[in-house]
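Asks: Based on what follows, work out the 3D shape:
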Amino acid sequence: FEAAGVKDTDGLLDKGCTKAGRKALAEATGLSESRILTFVNMADLFRIKGVAGEYAELLVCAGVDTVKELKTRNAANLATKLAEVNAEKKLTRQVPGEKTVADWIQQAGELPGKIEH
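Replies: Reported below is the predicted structural model:
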């Protein structure tokens, strides 16, 4: 990503939030556009305080791949789904509880959507 001028996750999100941007990143890095989108989606989730690598991966495996998607979820249902996914995939030592998930959903509701498809 450095060769494409991306220095951090914010830069990745800024450059990869559009289809044209992802195409340019794919050309510069040699990665597929779908792989770039996966990384961009993770960078989007990193905007939520408390969500980093393992939790972002857990959210994606539970079907939540963007902030826009997270803001539509029910905290109790999502917390249950995260526990189920983690029991199967063992992605993190501690699964976030309903209160934490509710906080993530609230934060997501306050953030603008950034990714265009």
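
Asks: can you map out the helices along the chain?
Replies: Remark: helices assigned in the chain by DSSP state H are 9-16, 19-29, 33-45, 53-61, 67-70, 75-89, 98-110.

Asks: Can you list the buried residues in the first one?
Replies: Within helix 9-16, the residues scored as buried using 16 or more other Cβ atoms under 10 Å are 9, 12, 13, 15, 16. The way it works is simple: take the backbone N, C-alpha and C, and place the C-beta from them, glycine included.

Asks: again, but for the fourth one
Replies: By neighbour count, with 16+ other Cβ under 10 Å as the criterion, the buried positions of helix 53-61 are 55, 56, 57, 58, 59, 60, 61.

Asks: what do you get for the longest one?
Replies: Within helix 75-89, the residues that qualify as buried by neighbour count (16+ other Cβ under 10 Å) are 75, 78, 79, 81, 82, 83, 85, 86.

Asks: Format these as CSV; extra columns: distance to residue 24 and pLDDT.
Replies: Listed next are these as CSV, based on distance: Cβ to Cβ, whole Å; pLDDT from 0 to 100:
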residue, distance to residue 24, pLDDT
75, 37, 98
78, 33, 99
79, 38, 98
81, 34, 98
82, 34, 98
83, 39, 98
85, 33, 98
86, 35, 98
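
Asks: so can I have a markdown table of those residues showing distance to residue 5?
Replies: Output for the buried residues of helix 75-89, formatted as a markdown table (distance: Cβ to Cβ, whole Å):
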| residue | distance to residue 5 |
| --- | --- |
| 75 | 38 |
| 78 | 35 |
| 79 | 38 |
| 81 | 37 |
| 82 | 34 |
| 83 | 39 |
| 85 | 34 |
| 86 | 35 |
